[in-house]
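1. just the structure for this:
(2 chains)
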Amino acid sequence: MTQLALVIDLNVCVGCHACVTSCKQWNTSGGAGPLPDDNPYGADPNGVFFNRVQTFEVGTFPNTETVHFPKSCLHCEDPPCVPVCPTGASHKREEDGIVLVDFDKCIGCKYCSWACPYGAREFDEHEKVMKKCTLCVDRIYDESIPEAERKPSCVIACPANARIFGDVHDPDSQASQMIRENHGYSLMPELGTQPANQYLPRANKKSV
Amino acid sequence: MHPAFSVIFLTTLIGVGQGLFTALMLGQTYELSNAEVSFGDNFYTIGAFLVLIFMGGGLFASIFHLGRPERAWRAASQWRTSWLSREVIMLPLFMAVVFFYMLAEYYQYGIDTSLLLGLLGVIVSFLLFYCTGMIYACLSFLREWATPLTIVNFILFGSASGFTFAAFYAAISAPELVATYGWFAIALTVLGLATRYWTLVRNAALRAKAKTTTQTAIGFRGKQVTQRSQGQMGGSYNTREFFHGKAESVVKQMKTIFMVLAFPIPIVLLFIGMSTESVFFLFLAFIVQYIGLCAERWYFFAQVNHPQNIYYQTIS
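-> Residues are numbered from 1 along each chain as shown, chains lettered A, B, ... in the order given. Here you go, the predicted model:
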């Protein structure tokens, strides 16, 4: 069984937010309608994003490092957001493991977002339905675009190549190899959600 | 979590309705087993109608929780996995049984029909309590909710407020029942106070043994991790839905308010109302308890520290 996912290399993410803006650009233009973007230049900007880059400081001063940390839906193998949905709008695709919301079935009860420990889902206050990362499902299978570009928008945009897209159930995929060779790990493993997306830890390098 | 008034009113109002129906059936059983008492023709008909008003009020409040209420019918489809879906089935089912019970009483179909529908109604009522509680208790990583106490509390608070209302209702239309309902209401309220206190003690101990931390959230174990930026300067759904948005002192005050209004004061008012046979005091007992239970439900949501909040600790 295929499980498409992202592998995020924390060694090379520079926190430029290119994945955030390219995600927003692609998905606001997609079939699911625009993503809200209220007061983008006002005092209280507010909007829906599928992907955000956060920044953490790791270690104790003066031995600290800055970690830029992209966070989107992890497309869990055991997604807690799916069984709780009362309408079946929130579902995990059999064929490729992508967790999606059927925007035509969603009643906007927000229960799935309560059930997601990662805060990966954001409610669209305009369309009144739940939205989330689709792994650019409307792009990765589109045969009208060049094959090299049939990847999630964030992956193509990343200038540092920190995002690797592939089938993590295929041991020969680049994504699987990266996970295997670089000790890929998942977020909040103690919760048993088995996220498909994996993160590659900072390698121990001597300071120059 | 951000307490939504729609859900506060939904869960408290249907609790009263369910408790009231159990009280009515208790009264009918008592009337049957006691040849000397009779509560008049319309006691159960009007009582069932009042149950429907409480349930309808809750149902009405729930509409405001939905972004797309016109699609609500779809919510009955996932009963195999979703407790919310099961609640969506049980709530109208309970209302339907109560409605037929009301008809059976009004048209005097006979005591067998009434008792059968009544028994069915009480069973569905408890299934509904269970579904409502499990909606919260099944979310294992929301640890403040993930306990059987959540279900016990829903049953006890709903039943207590329902019996308090029943005592008030009986004071108007069936004075022989006031003492029975009143003592049941007091007993349920005392039990509710005990389990709520137990829940508070349990939840206060949770924070010390949290397994999910900033370290496990981003995967840097054994190191100090501090958030420096959450990725946006403005707010987002993540910063609105999962925070109560009030000062910690407000949450503490709310705890004091509900621990006083939902339990001890109604007990005193019930006792005064029963001993002086005062409709006013029994009504006051219900109103005070209901306000207290709304405060309890507010706290029930506000106390939950959702793990996603780990990712939203620092704006920038």
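
2. next, the closest residue to residue B:9 other than its chain neighbours: secondary structure please.
-> Nearest residue to residue B:9 in three dimensions, chain neighbours excluded: residue B:61, at 3.7 Å (Cβ to Cβ, 6 or more residues apart in numbering or on different chains). Where you see a C-beta, it was placed from the backbone N, CA and C, and this is true even at glycine. Recorded secondary structure, residue B:61: helix (DSSP: H, G, I helix; E, B strand; the rest coil).

3. kindly report the same for residue A:130.
-> Here residue A:130 is strand, with the state taken from three-state DSSP.

4. shouldn't it be in contact with residue A:100?
-> No: between residue A:130 and residue A:100 there is no contact under Cβ atoms under 8 Å: 10.6 Å.

5. so those two - more neighbours on which side?
-> With neighbours defined as other Cβ atoms under 10 Å in any protein chain shown, residue A:130 and residue A:100 compare such that residue A:130 has more, 27 against 19.

6. quick check: longest helix of the chain.
-> By default, I'm working from chain A. helix A:18-28 (DSSP state H).

7. you answered for a different chain; I wanted chain B.
-> helix B:5-33.

8. for the stretch 1-150 of chain B, what lies in contact range of chain A?
-> The stretch 1-150 of chain B comes close to chain A at residues B:1, B:65-69, B:71-72, B:74-78, B:81-85, B:88, B:135, B:138-142, as judged by Cβ under 8 Å from any Cβ of the partner chain.

9. strands along chain B, start to end?
-> Assigned by DSSP state E, the strands in chain B fall at B:225-229.

10. show me where it has its helices.
-> Using DSSP H, helices in chain B cover B:5-33, B:43-63, B:83-106, B:111-137, B:148-173, B:178-204, B:214-218, B:237-241, B:248-261, B:264-276, B:279-302.

11. which one of these is the most hemmed in?
-> Of all those, helix B:148-173 carries the top mean neighbour count, a mean of 25, counting by mean count of other Cβ atoms under 10 Å in any protein chain shown.

12. that helix versus helix B:43-63: what angle between them?
-> Helix B:148-173 and helix B:43-63 meet at an angle of 130 degrees, taking axes from the mean of the first three to the mean of the last three Cα atoms, to 10 degrees as the criterion.

13. list the buried ones in stretch B:71-79?
-> B:71, B:72, B:74, B:75, B:76, B:77, B:78, B:79 (16 or more other Cβ atoms under 10 Å in any protein chain shown).

14. among the residues you listed, which one sits closest to residue B:151?
-> residue B:79 (18.0 Å; Cβ to Cβ).

15. pull the contacting residues for that closest one.
-> B:85, B:86, B:89 (Cβ atoms under 8 Å, 6 or more residues apart in numbering or on different chains).

16. mind redoing it with 10 Å?
-> Counting by Cβ atoms under 10 Å, 6 or more residues apart in numbering or on different chains, residue B:79 makes contact with A:86, B:85, B:86, B:87, B:88, B:89, B:90, B:131.

17. go on, residue B:218?
-> By Cβ under 10 Å, 6+ apart, residue B:218 lies in contact with A:10, A:54, A:56, A:58, A:67, A:69, A:71, A:185, A:187-188, A:199, B:225, B:227, B:310-311.

18. can you do 7 Å?
-> Listed by Cβ atoms under 7 Å, 6 or more residues apart in numbering or on different chains, the contact set of residue B:218 reads A:56, A:67, A:69, A:187, B:225.
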